[in-house]
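K.L.:
Predicted model follows, preceded by the sequence.
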Amino acid sequence: MMSRKKWAIWAGTVTVMFSSAWLLDRAGVRPRETAPPPAPVSSPGHEMKMLEKELEKKPDHAPILLRLSQLKREAGRLDEAASPLEQLLSREPENRDARLELSRILYERGDAAGAIRENERILAADPKQPDALYNLGAIYANQGAAEKALEHWRRAVEADAGSEGGRKAREGIARLGGR
């Protein structure tokens, strides 16, 4: 049991705390919000180094290989960007994400035929894959083959209008004036 004196001190403390909080609230004083700590600054180069270290531990880890390739492509290191994907595709030939990324790299390196081939391999396994359909439409549009571009973009929209490939295909159709 608590003695009367301790009870009085405890009750007084609680009363003062609640009274103070009530008075501060009535006065419009709010507790100061602290900003979240800043996110650690990371550069693509730093991320690449971290991924390469992780790759030493897990040399066949698909997400690491894909991200490493994306970072190298974004840095303009296209020849280096293809090698992690080729490594991944040698083990997982049906890896759609790796094929899509490889098709982007091939196209950016000026190998439109290679990019078309990679997208057609995806479509051989899944004829309604909207990202591959969009990519083919973009390649054909850039080559001036508007009808082939529209055909692939329409198929992408039919396959999945809400996907990224479907949305981009709708935009491409609008740019080319197709319906």
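P.N.:
Structure received. Residues are numbered from 1 along each chain as shown.
K.L.:
Which helix or strand in this protein has the lowest average pLDDT?
P.N.:
Within the chain, confidence by mean pLDDT, DSSP states H and E is lowest for helix 4-26 among all helices and strands, at a mean of 69.
K.L.:
Let me see the residues that make contact with the helix or strand following that helix.
P.N.:
Once the chain leaves helix 4-26, the next helix or strand it forms, by DSSP states H and E, is helix 44-57. With CB atoms under 8 Å, 6 or more residues apart in numbering as the test, helix 44-57 has contacts from H61, I64, L65, R67, L68, L71, K72, E74, A75. (Glycine included, C-beta is placed from N, CA and C.)
K.L.:
next one: stretch 61-68
P.N.:
With contacts defined as CB under 8 Å, 6+ apart, stretch 61-68 is touched by 47-48, 51-52, 54-55, 58, 84-85, 87-88, 92, 95, 97-98, 101.
K.L.:
and that stretch, C-alpha only, in CSV?
P.N.:
Included here for stretch 61-68 are C-alpha records, laid out as CSV according to Å, rounded to 0.1, in the frame of the first residue of the first chain:
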residue,chain,number,x,y,z
HIS,A,61,21.1,-13.9,-57.3
ALA,A,62,18.6,-12.7,-60.0
PRO,A,63,17.5,-9.4,-58.3
ILE,A,64,21.1,-8.4,-57.7
LEU,A,65,22.0,-9.1,-61.3
LEU,A,66,19.0,-7.2,-62.6
ARG,A,67,19.6,-4.1,-60.4
LEU,A,68,23.3,-4.1,-61.2
